[in-house]
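K.L.:
return atomic coordinates for the entry below.
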Amino acid sequence: MQNTYGPTNNIPCEIGIYWAEYHNGQFGDRWVFGPSYRTEELDFRQDAKKLALNLLLEKSGCSLLELLSILQDIEGVARATYAEDALVNMDRVDFQEMMAVDGCFFLLVAFSILGVESLGIELKFSDNHPIFGIGCVRENMDMWLSSMFFVGNQLPFVVLKRLMNLRFFRELKMENKWKQPLELAKRAIYKLLMVTETDQEPVDLIHCLQSFLPGMKSGSHVAIPVISYNAGDEIEDIPSAKELVGLGITFEALEGEQGSGGVYYKRGFFNAVLSLPIFKVDRYTELVVECLRKYEIVQGARGIEPKSTSYLKFLSELIRTPQDVEVLYSRGVIEGRTEGLPAFLSNFHGMASCEHLHSVRRGIKEYPPPLWWKDKRLFSFISTISPILLLAVAFHANRLYNCWLL
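P.N.:
The predicted structure follows:
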């Protein structure tokens, strides 16, 4: 099976952690997951995590010691997932307890976001519990998603996978009522929780998001022309969507998880078509995509080519005004909420681009072709068709002559 999570080169993705002295206090009011900066975590939050852990252990018929022994087997793998020097001050016991406490709490929040209440499953929290009370997770969705997708606040999937072997989570996953959500953030959480044994495993939640946001995979049915590209070449931004329509270029929306490799530009004799993966925008798209942008900046510093943000940078060149949004929305390339989309995409102007999209830009910049190119094509066409027409005329004349003789 194709690896849809790993980067295109051999440099592995790593989990960085949040350090207050390097991030200028940008952690804000987010909840902490993993070995990030924890000095100022409120007692209330620590108690809430422990309460969630105790509930899950009770519902799973498992003791804390048994759970820690299960995590012992994967401690080395989990530690290796983090960037170098991220865990230098954390011993084995502290690391295992942190993974148990934060991991179980993370999973409980994740299933709550997906709507565990709607399945009729009682969690034994009071209706007015400030975190898991009725509707509380939904009311604070911005804060939860900001915490879960924050770069430097990730938990290794290998830990979450082991914790999901607890009976409570196994029974949740076995529910046949789960449906894949349409919203981007919920879809990433769903894919993370529902990873099967046959799937390639992500490193963490934000890596999972990267795997299917337009940018990571190439469309299997799309033929991508290979155009030579020199990484040192400077390629200017392409015209906007409205300007391209004025030049005679039309747009086609591609269904499925195509990715930046699915962006396909085809130039015909009298027109050109630019095929683009559909970009669905919902209420929380900007929040989680901004996290992904920062993630790919961090990974890019390690030599990993940006994929998802390459496509968003490409869109930022196409969408500069509300009129550009209208063009792509009418063609089905943009779906959902469009308000403020040009301003949001402008954040990607300074991002690096992948090689394939550089090639697509080059082709677009060459349109419309010069008149000599069309004349050359026309001459070639006439040169090809003329012998065929002459043969046809000669054959027809020969038949008429034979008929006249008879």
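
K.L.:
count the neighbours of Gly303 for me.
P.N.:
Gly303 has 10 neighbours, counted by other C-beta atoms under 10 Å. Using the backbone N, CA and C atoms, a C-beta is placed for each residue, glycine as well.

K.L.:
whoops, Glu75 was the one
P.N.:
Using other C-beta under 10 Å: Glu75 sits among 16 other residues.

K.L.:
again, but for Ser346
P.N.:
Using other C-beta under 10 Å, the number of residues around Ser346 comes to 12.

K.L.:
residues contacting the closest residue in space to it that isn't next to it in sequence?
P.N.:
Closest residue in space to Ser346, ignoring its immediate chain neighbours: Ser316 at 6.0 Å, by C-beta to C-beta, 6 or more residues apart in numbering. For Ser316, the contacting residues are Leu345, Ser346, Asn347, Phe348, His349, by C-beta atoms under 8 Å, 6 or more residues apart in numbering.

K.L.:
give me that answer again for 7 Å
P.N.:
Contacts for Ser316 (C-beta atoms under 7 Å, 6 or more residues apart in numbering) come out as Leu345, Ser346, Phe348, His349.

K.L.:
tell me which two in those residues are the farthest apart.
P.N.:
For the contacts of Ser316, the farthest-apart pair by C-beta to C-beta is Leu345 and His349; their separation is 8.3 Å.

K.L.:
neighbour count: those two, which is higher?
P.N.:
Each of Leu345 and His349 has its neighbours counted (other C-beta under 10 Å); Leu345 has more, 23 against 10.

K.L.:
my guess is the more buried one meets Ile319, correct?
P.N.:
Yes: under the criterion of C-beta atoms under 7 Å, Leu345 makes contact with Ile319 at 5.5 Å.

K.L.:
looks to me like Val288 is in a helix.
P.N.:
Yes: assessed by DSSP: H, G, I helix; E, B strand; the rest coil, Val288 belongs to a helix.

K.L.:
count of neighbours near it?
P.N.:
25.

K.L.:
need the contact list for it.
P.N.:
Contacts for Val288 were tallied using C-beta under 7 Å, 6+ apart; they are Leu145, Phe149, Leu184, Ala185, Leu209.

K.L.:
one more time with 6 Å
P.N.:
Counting by C-beta atoms under 6 Å, 6 or more residues apart in numbering, Val288 touches Phe149, Leu184, Ala185.

K.L.:
list phi and psi for the residue nearest to Ser346.
P.N.:
Main-chain torsions, Ser316, degrees, to the nearest 10: phi -60, psi -30.

K.L.:
quick check: buried residues in stretch 167-187?
P.N.:
By 16 or more other C-beta atoms under 10 Å, the buried positions in stretch 167-187 come out as Phe168, Phe169, Leu172, Trp178, Pro181, Glu183, Leu184, Ala185, Lys186, Arg187.

K.L.:
from these, which two are the most distant?
P.N.:
Phe168 and Leu184 (27.0 Å).

K.L.:
is it fair to say Val273 lies in a strand?
P.N.:
Yes: assessed by three-state DSSP, Val273 belongs to a strand.

K.L.:
count the residues that sit near it.
P.N.:
There are 13 residues near Val273, going by other C-beta under 10 Å.

K.L.:
buried residues in stretch 330-339?
P.N.:
Residues of stretch 330-339 classed as buried: Arg331, Val333, Ile334, Gly336 (neighbour count, 16+ other C-beta under 10 Å).

K.L.:
can you flag which of these belong to helices?
P.N.:
Assignment to helices by DSSP state H places none of those there.

K.L.:
of the residues you listed, which is the nearest to Leu87?
P.N.:
Closest approach to Leu87 among the buried residues of stretch 330-339 (C-beta to C-beta): Gly336, at 39.6 Å.

K.L.:
what is the neighbour count of the residue nearest to that closest one when sequence neighbours are not counted?
P.N.:
Counting by C-beta to C-beta, 6+ apart, Gly336 lies nearest to Val281, which is 4.1 Å off, once chain neighbours are set aside. Neighbour count of Val281, defined by other C-beta under 10 Å: 20.

K.L.:
just give me the neighbour total for the residue nearest to Pro322 when sequence neighbours are not counted.
P.N.:
Among residues not flanking Pro322 along the chain, Pro342 sits closest, at 6.9 Å (C-beta to C-beta, 6+ apart). Other residues near Pro342 come to 19 when the count uses other C-beta under 10 Å.

K.L.:
from memory Pro342 sits against Leu315, does it?
P.N.:
No: Pro342 is beyond contact range of Leu315, at 9.8 Å (criterion: C-beta atoms under 6 Å).
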